[in-house]
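Novice: Pasted the sequence and its predicted model underneath.
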Amino acid sequence: MKTRKLLTKGALNIFALVVFVCSVFPVYWMVNTSFLPGSAVKSDTVHLWPDEFTLRNFTAAWNDGFVPALKVSVSVTLITLVVALLFAFLAALALSRFQFRSRKSLIVLILVIQMIPAEAMIISTFRVLDGWHMLNTVIGLAAIYIAMVLPFTIWTLRGFVNGVPADLEEAAMIDGCTRSGAFWRVTFPLLAPGLVATGVFAFIQAWNEFVFALVIMTRPESQTLPIWLRAFVQATKATDWSVVMAGSTLMAIPVVIFFLIVQGRMTSSMVSGAVKG
Amino acid sequence: MLASRGKTAPSPVEARRPKRSYAPLALLAPAFIMLAVFIGWPVIQLAIMSFQKYGREQIFGKPAEFIGLQNYVTVLTDPEFWTVLWRSVLFAAVCVILTMILGMVIAVLMTRLGAVMRTVVSVGLLLAWSMPALTATIVWGWIFDTSYGLVNHLLTRITGDSWMGHSWLVDPLSFFTVAGIIIVWGAIPFVALSLYAALTQVPTEVLEAASLDGASGLRRFWNVTMPFIRSILVVLLILQIIWDLRVFAQIYALQTIGGVRETTNTIGVYIYNESMASGKLGTGGAISIILVAIMLAISAYYIRLTLKQEDQ
């Protein structure tokens, strides 16, 4: 009986290791390749770790259009993040703290908008932005991204605001706080983690978004990082995988870092709000 | 423009003072104006365009004339549209089934692991989950690379035959196998971690009681655990169907690395290639509207479920 239990435990642990290796391997392989010189990547031997370590791929990717794309990506992402958080926060307050007649239909509207696929919207979004001379502009792309992430951010923030009982504020007011004082000193600090989690979500969405960026940012100088990376793959096609992997690593790093910050909250809020790139 | 809209809304606290007021309206205005202008208006334009003759001439200024349902007839009688649609549905079905099964297996595995190994598995899943879809696709494209890819290296070593130079992306079935691996790999972490979280909510007393009553492990899982996690399973299933049916970045990027567009288009990529590349915006609009309708039909149940939880 005891040996059987040990055997099951061993088998489970081995299975767990297999899951871990399968999950992590592509990430490892990306980083590994990015540190290997092109000659090692294109040789007949497999280099399982960067035994011919070099940083040249990173400088090559950095100097081959990464910086301008980074600037566009950072601007678009920051605008999206700040504006979406602000607007979603206001809307979440309204939906959570007020009872009004059309409240329920607004909630339905948010859920429906969220289910409209971006792929179906590319043509008309392109035409509408073209008509407003907003193609190839940071503001144009950011405006689309803000609208794209708003349903989810409103939904998640509303959940967080719901989680802070209005009684808390009232208690603070009885103790002599003004209403604004009660809000900023009691409710807002409790909402801070929610704002961070939602903000990171908006950040990741805007940073990774591909379809709209492909359609809207057509000029080379207005490309975001994903579009740059794809063009880079196309240009160096199968000749320079080590530099491509360096570019991929550079693009993925911020996402991985931010993602790990909020990982705990991600699962629960994704299930209840549900959006992915 | 964006900043001025922000200013029109009063600060949340002031707005809450009067009992019967326009406060909620003012709070909602910025967000809903953004949604109306940048999603609502394009949706209306899309619907209109799908009833118009809209091609290259119209892009360059020729007024578009209404042609009724002509675009829809063109699309629905085009065999290629049906090929693409069925290809998307089939591909999504395989991806969703694999993702759900593997996600469930990993979630159950996590409940039976010790604390250390469970952390190891979660860290691995989180790392995979955090990878942007595009970078993940490119990395897998490199792993399956024709000339120097790891898979060809390993197959050569294992089988003894030379696999170097074997292309994984030219043959459609092989292309979709690679695409499926990428998508399932990227989707499993979310499913597994969500299901694991749900499994930890199943009360142990109920499971113990069932076990005392003589229920076997599988039976306990089916009759006790399943009802507890059914609603989250349904939500995950619907989300996976939606995400896999509209998949874009992975397919498009794989086509860049080496696929043949005509035989590997899925519905999202098809819209892009049909309209943005070929300039057939009218028919592209009709396909888009059809896609929106399919998506909303699938998500109707999810929306109803969310609203029901809302009422509780």
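Specialist: Perfect, thanks for sending it. Numbers count the residues shown, from 1 in each chain, chains lettered A, B, ... in the order given.

Novice: nearest residue to residue B:200 other than its sequence neighbours?
Specialist: residue B:111 (6.9 Å; CB to CB, 6 or more residues apart in numbering or on different chains). Bear in mind the C-beta positions are built from the backbone N, C-alpha and C, glycine included.

Novice: Ramachandran angles for the residue positioned nearest the centre of chain B?
Specialist: Centroid-nearest residue in chain B: residue B:243, 1.2 Å away (criterion: CA atoms, centre = their mean). The phi and psi values for residue B:243, taken as degrees, to the nearest 10, are phi -70, psi -40.

Novice: any idea how far it is from residue A:62?
Specialist: Note on residue B:243: its distance to residue A:62, by CB to CB, to the nearest Å, is 33 Å.

Novice: how about the strand or helix carrying residue A:151: buried residues?
Specialist: Assigned by DSSP states H and E, residue A:151 belongs to helix A:138-163. Neighbour-count burial for helix A:138-163 flags A:138, A:140-161 (criterion: 16 or more other CB atoms under 10 Å in any protein chain shown).

Novice: Flag the shaky bits of chain A, pLDDT-wise.
Specialist: A:1, A:237-239, A:263-277 (pLDDT under 70).

Novice: now the helix or strand encompassing residue A:71 against helix A:138-163, angle please.
Specialist: According to DSSP H and E, residue A:71 maps onto helix A:67-97. Interaxial angle of helix A:67-97 relative to helix A:138-163 (axes from the mean of the first three to the mean of the last three CA atoms, to 10 degrees): 30 degrees.

Novice: Check what contacts whichever helix or strand comes after helix A:67-97 and list those residues.
Specialist: Using DSSP H and E, the helix or strand that follows helix A:67-97 in sequence is helix A:103-114. Contacts to helix A:103-114, defined as CB atoms under 8 Å, 6 or more residues apart in numbering or on different chains, come from residues A:95, A:151-152, A:154-155, A:273-275, B:24, B:28, B:32, B:35, B:39, B:296, B:299, B:302-303, B:306-307, B:310.

Novice: make it 10 Å
Specialist: For helix A:103-114, contacts defined as CB atoms under 10 Å, 6 or more residues apart in numbering or on different chains pick out A:91, A:94-96, A:100, A:102, A:147-152, A:154-155, A:158, A:273-275, B:24, B:28, B:31-32, B:35, B:39-40, B:43, B:242, B:295-296, B:299-300, B:302-304, B:306-307, B:310-311.

Novice: helices and strands around the helix or strand following that helix, which ones?
Specialist: The helix or strand immediately downstream of helix A:103-114 is helix A:118-131, counting by DSSP H and E. Helix A:118-131 sits against helix A:138-163, helix A:211-216, helix B:41-49, helix B:56-59, helix B:267-271, helix B:281-311, with contacts defined as 3 or more CB pairs under 10 Å, 6 or more residues apart in numbering or on different chains; DSSP states H and E.

Novice: quick one: low-confidence ranges for the stretch 201-312 of chain B?
Specialist: In the stretch 201-312 of chain B the weaker segments, taking pLDDT under 70 as the threshold, are B:312.

Novice: if we can go back for a sec, just want the angle from the helix holding residue A:151 to helix A:118-131.
Specialist: Going by the same axes, to 10 degrees, helix A:138-163 makes 130 degrees with helix A:118-131.

Novice: ok, of the contacts of helix A:103-114, which come out buried?
Specialist: Buried among those (16+ other CB under 10 Å): A:91, A:94-96, A:147-152, A:154-155, A:158, A:273-275, B:24, B:28, B:31-32, B:35, B:39-40, B:43, B:242, B:295, B:299, B:302-303, B:306.

Novice: Now do the SS call for the residue of the stretch 151-277 of chain A found nearest chain B.
Specialist: Proximity of the stretch 151-277 of chain A to chain B (CB to the nearest CB) peaks at residue A:259, 3.7 Å away. Classification of residue A:259 by DSSP: H, G, I helix; E, B strand; the rest coil places it in helix.

Novice: Give me the distance between the residue nearest to it when sequence neighbours are not counted and residue A:150.
Specialist: In space, and not counting its chain neighbours, residue A:259 is closest to residue B:130: 3.7 Å by CB to CB, 6+ apart. Distance, residue B:130 to residue A:150, by CB to CB: 23 Å.

Novice: do the same with residue B:258
Specialist: 37 Å.

Novice: Ok, residue A:159 next?
Specialist: From residue A:159 across to residue A:150, the span is 15 Å (CB to CB).

Novice: same question, residue B:109
Specialist: For residue B:109, the distance to residue A:150 equals 37 Å [CB to CB].

Novice: before we move on, what about residue A:96?
Specialist: Relative to residue A:150, and taking CB to CB, residue A:96 is found at 15 Å.

Novice: related to what we said a few turns ago, kindly provide the distance from the residue nearest to the centre of chain B to residue B:306.
Specialist: Distance from residue B:243 to residue B:306, by CB to CB: 17 Å.

Novice: how far does the host helix or strand of residue A:200 sit from the chain's center?
Specialist: Per DSSP H and E: residue A:200 is located in helix A:188-208. Relative to the chain's own centre, helix A:188-208 is displaced by 10 Å; criterion: CA atoms, centre = their mean, to the nearest Å.

Novice: Now the longest helix belonging to chain B: buried residues?
Specialist: Counting residues, the longest helix found in chain B (DSSP state H) is helix B:79-111. Neighbour-count burial for helix B:79-111 flags B:81, B:84-85, B:87-89, B:91-92, B:94-96, B:98-100, B:102-104, B:106-107, B:109-110 (criterion: 16+ other CB under 10 Å).

Novice: list the contacts for residue 221?
Specialist: Picked chain A for this. A:65, A:68-69, A:71-72, A:136.

Novice: looking at chain B here, not the other one
Specialist: Contact analysis of residue B:221 by CB under 10 Å, 6+ apart lists B:104, B:108, B:199, B:202, B:207, B:210, B:215, B:229.

Novice: Can you tell me which of the residues you listed is nearest chain A?
Specialist: Using CB to the nearest CB, residue B:108 is the member of these that sits closest to chain A, with 10.1 Å.

Novice: Go ahead and confirm that closest one touches residue B:196.
Specialist: Yes - the criterion here is CB atoms under 10 Å, and residue B:108 meets it with residue B:196 at 8.4 Å.

Novice: Quickly list what's touching both of the two.
Specialist: By CB under 10 Å, 6+ apart, no residue touches both residue B:108 and residue B:196.

Novice: Could I get the contacting residues of residue B:300?
Specialist: Taking CB under 10 Å, 6+ apart, we find residue B:300 in contact with A:111-112, A:115, B:238.

Novice: got TSV for the residues you listed, with neighbour count and distance to residue A:82 too?
Specialist: Shown next, in TSV, are these (neighbours: other CB atoms under 10 Å in any protein chain shown; distance: CB to CB, whole Å):
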residue	neighbour count	distance to residue A:82
A:111	21	25
A:112	15	26
A:115	21	26
B:238	20	32
